[in-house]
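Q: what follows is a predicted protein model with its sequence.
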Amino acid sequence: MKQPLRAIPAVGKILDALGETELPRPAVVAVVRRKMASLRSAKEIPGFDDVLTAVRSELANLWCSRIRQVINGTGIIIHTNLGRAPLSPEVVETLCSVGANYNNLEYDVSSGERGARAAYLEHNLALLCGAEAATVVNNCAAALVLILKHFTSEGRLEVVISRSELIQIGGGFRIPEILEASGARLREVGTTNKTSLADYAKAVTKQTAMILKVHHSNFFMGGFVDAPPTEELASLARKKRIPFVEDLGSGAVVATDEIAKVEHEPTPAEILKRGVDLVCFSGDKLLGGPQAGIIAGKARLVGRLKREPFFRALRCDKLILSALQTTVDLYLAQSDMEPQEKTGPTRRAVMPALAMLEVPQGELRARAEKIVGGLSGLPLKASIGTGSGEIGGGTLPRSKVPSVVVELVPTTSALSELAARLRQGETPVIGYISGNRFKLDLRTIFPRQDAEVIRAIRAAFG
């Protein structure tokens, strides 16, 4: 039943009817006031109960939008929407210690004076990447912008790049737009499928600031394609006395094809050995650390970037630096092991996302059987199937990872309703619908979460 405009409920009356909520009271008051303000411009005002229902819905949506733990049953290991790579237990322990106490972020405990931020991390990052020097900013896009902004600020504005590398990354961002935002001018060479060394050489002029190469980390090209070897581009850049930079994107520092049956991802050490002056890559993809943009390469160039005034606007805080520091140390500790020690649980402990690649199918099936057994008595058909997961995060686009899935078919509700109930549970459980079944891929669900998955499914049926 519609009411006249004068019947807009008072804010206090709505708040009283809502009672206690999980949200902070100022946040609740703000939502109620916005709702009441929107009603003042309405031609007809809903009844009190309808207004109350609408407010409760907005509060529920607000509550669900806060960052919290979810269970990833999608089979996508590095899921950008779900926070990319999960951190190792050692990194979590470091975050708790550093976050709960004061720390020596910019304090030299040896001299008792002000110290350099991230000096230890930069030293070990350089070792891990096989580089003369390294530094860190807040993400890979920022790393690329910093490099471009610095090297195009001395009168040379053009950046030479192949047309085949003008790619789009996650969230709709495009490499050309990122480059132009830095003030650089693109000098596109070659064609979509073929670029030659002569194309690069012809494009280099007195206005050229650098040669940029962007790794095809989130797609692949096949067929009638060709590009000059990195070594030849490096030789051209040296001859022309300009920097040669490669954006690697995904940032693997170990041989991915040795961990599981996936394609090989070039590491920073491999690329730098081929003559590239600087590489940049993400910290929260295949590296498995926090969100960060890592730059590694020639010491003189890294030093110039750190002196760039814009660098301060992109620097990381104590939590990112300490988390990345522990991640790098774990890799270095593993690299110092004897070869026979680098297999099984030892390797898997370094990086949870990479550990997921190594879990045997038999282990996943055994867990699936226990989950299905824990769902007896519910109005659904639960079974075990096979799946095909992905690495995700714009990495290893040709690699599929065989997996085991728990398949659910409710008998009293729609699949979409089950998916919604699981998303909106105490701990959201995220799966996918395929082949008229709701599926949970166990490769991306931690064993410690299995019991919670069972509880969530049972709770979804009341």
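A: In hand now; what should we look at?

Q: by mean pLDDT, which helix or strand of this structure comes out lowest?
A: helix 345-348 (a mean of 40; mean pLDDT, DSSP states H and E).

Q: what about dumping the CA coordinates of the helix or strand just after that helix to PDB?
A: Later in the chain than helix 345-348, the nearest helix or strand by DSSP states H and E is helix 352-358. What follows is the C-alpha trace of helix 352-358 in PDB, where atoms were taken according to Å, rounded to 0.1, in the frame of the first residue of the first chain:
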ATOM      1  CA  PRO A 352      50.700 -22.200  -1.000                       C
ATOM      2  CA  ALA A 353      49.600 -21.400  -4.600                       C
ATOM      3  CA  LEU A 354      52.400 -23.500  -6.100                       C
ATOM      4  CA  ALA A 355      51.700 -26.200  -3.500                       C
ATOM      5  CA  MET A 356      48.200 -26.500  -4.900                       C
ATOM      6  CA  LEU A 357      49.700 -27.500  -8.200                       C
ATOM      7  CA  GLU A 358      51.500 -30.500  -6.700                       C
END
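
Q: for the record, mean pLDDT for helix 352-358?
A: Helix 352-358 shows an average pLDDT of 91 in the prediction.

Q: who's in contact with that helix?
A: Applying CB atoms under 8 Å, 6 or more residues apart in numbering, the external contacts of helix 352-358 come out as 77-78, 85-88, 254, 256, 259-260, 262, 286, 288, 347-349, 391, 401, 443-444, 446. Every residue, glycine included, has its C-beta placed from N, CA and C.

Q: so which of these are in strands?
A: Counting by DSSP state E, the members of the contacts of helix 352-358 that fall within strands are I391, V401.

Q: now the buried members of the contacts of helix 352-358.
A: Among the contacts of helix 352-358, those buried by neighbour count (16 or more other CB atoms under 10 Å) are 77-78, 85-88, 254, 256, 259-260, 262, 286, 288, 347-348, 391, 401, 443-444.

Q: what about the helix or strand harbouring V55, distance to the chain center?
A: If you go by DSSP H and E, V55 is part of helix 48-64. Per CA atoms, centre = their mean, to the nearest Å, the displacement of helix 48-64 from the mean C-alpha position of its chain is 32 Å.

Q: show me what it is packed against.
A: When contacts are defined as 3 or more CB pairs under 8 Å, 6 or more residues apart in numbering; DSSP states H and E, helix 48-64 sits against helix 11-18, helix 25-40.

Q: that one: which residues count as buried?
A: Neighbour-count burial for helix 48-64, counted by 16+ other CB under 10 Å, picks out V51, L52, V55, L59.

Q: with pLDDT and distance to T386 added, can I get those residues in a markdown table?
A: Conversion of the buried residues of helix 48-64 to a markdown table gives the following (pLDDT from 0 to 100; distance: CB to CB, whole Å):
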| residue | pLDDT | distance to T386 |
| --- | --- | --- |
| V51 | 89 | 49 |
| L52 | 91 | 47 |
| V55 | 92 | 45 |
| L59 | 93 | 41 |
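
Q: what is the nearest of the residues you listed to D226?
A: When those are compared for distance to D226, the smallest value, 57.3 Å, is given by L59; criterion: CB to CB.

Q: isn't that closest one up against V29?
A: No - between L59 and V29 there is no contact, the gap being 10.9 Å when judged by CB atoms under 8 Å.

Q: what about the strands in the stretch 251-400 of the chain?
A: Taking DSSP state E, counting those that start in this stretch as the criterion, the stretch 251-400 of the chain carries its strands at 278-282, 293-297, 380-392, 395-410.
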